[in-house]
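[1] predicted model follows, preceded by the sequence.
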Amino acid sequence: MKAIIIAAGKGSRLEHHTTERPKCMVSVGGKTILETQLHALEKHGLEDLHIIRGYLADRLLVDGATYHLNTDFENNNILFSLFYAQSAMNGPFVSTYSDIVYTPSVVEKLMKTEGDICLVIDREWASAYVGREDHPVEQAELAEVTNNIITKVGKQVGAENASGEFIVEHKSILV
């Protein structure tokens, strides 16, 4: 199955960590964020990699990956970036932001989930925002869940209505 990794953004909140490398190349726990993601994805059969690059594109290299270049990454958002890889969206795929650290067990749960469109949300999201100033909760991609169905996703959900924070998306069919 395909994995589409959205890695075009500059990562301005990481400031000095991203002056010479894309944000997914920042090291966390001795591995880059991207290395951690690739391990989790490949462990569950997601080896057809498509990476959407933008900021410092020439410094983001992964053996065997297909690249899609977002030439206007400074002026558009993550959804626009995803559509630079529209040619890869035929058939099942998983898409993920490149700057999120997650374990293989997250991918395993995602792959076992039924449905044409599934989102992985972190239900323990609020604890990550305690005392945090560099990425306040107002900037979080939150999800509202009603009767085990995600009814709203985005910054407009608000912390008071959030059941979790959106971290990974899986799409079987793009309509």
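    Looks like it arrived, so ask away.

[2] tell me if I'm right that Leu69 and Ala57 touch.
    Yes. With contacts defined as Cβ atoms under 8 Å, Leu69 counts as touching Ala57 at a distance of 6.0 Å. Quick note: C-beta positions are derived from backbone N, CA and C, even for glycine.

[3] more neighbours, those two?
    Neighbour totals were compared for Leu69 and Ala57, and Ala57 leads with 19 against 14 (other Cβ atoms under 10 Å).

[4] run through the residues that contact that one.
    Each residue near Ala57 by Cβ atoms under 8 Å, 6 or more residues apart in numbering is listed here: Pro22, Tyr67, Leu69.

[5] surely Thr63 forms part of a strand?
    One thing to correct before we go on: residue 63 is Asp, not Thr. No. Under DSSP: H, G, I helix; E, B strand; the rest coil, Asp63 sits outside any strand and is assigned coil.

[6] neighbours around Asn90, how many?
    Residues near Asn90, counting by other Cβ under 10 Å, number 10.

[7] if I look at it, what pLDDT would I see?
    At Asn90, the model reports a pLDDT of 91.

[8] phi, psi of it?
    As for Asn90, its main-chain torsions (degrees, to the nearest 10) stand at phi -90, psi 120.

[9] same deal with Thr151?
    The phi/psi pair for Thr151 (degrees, to the nearest 10) is phi -100, psi -20.

[10] what does the one 3 residues further on give?
    Dihedral angles of Gly154 (phi, psi; degrees, to the nearest 10) stand at phi 140, psi -180.

[11] again with Gly54
    When quoted as degrees, to the nearest 10, the phi and psi of Gly54 stand at phi -160, psi -90.

[12] residue contacts, it?
    If you count contacts by Cβ under 8 Å, 6+ apart, then Gly54 has Ala7, Ala8, Gly9, Lys10, Leu69, Asn70, Thr71, Phe73, Glu74, Ser81 around it.

[13] now restrict those to buried residues only.
    Of the members of the contacts of Gly54, the ones counted as buried by neighbours, 16 or more other Cβ atoms under 10 Å, are Ala7, Ala8, Gly9, Asn70, Phe73, Ser81.

[14] isn't the first one up against Ser98?
    Yes. Here Ala7 lies in contact with Ser98, judged by Cβ under 8 Å, at a distance of 3.6 Å.

[15] mutual contacts of these two, please.
    Between them, Ala7 and Ser98 share these contacting residues under Cβ under 8 Å, 6+ apart: Pro22, Lys23, Cys24, Leu34, Ile51.

[16] list the contacts of Arg53.
    With contacts taken as Cβ under 8 Å, 6+ apart, Arg53 has the following neighbours: Ala7, Ala8, Pro22, Leu60, Tyr67, His68, Leu69, Asn70.
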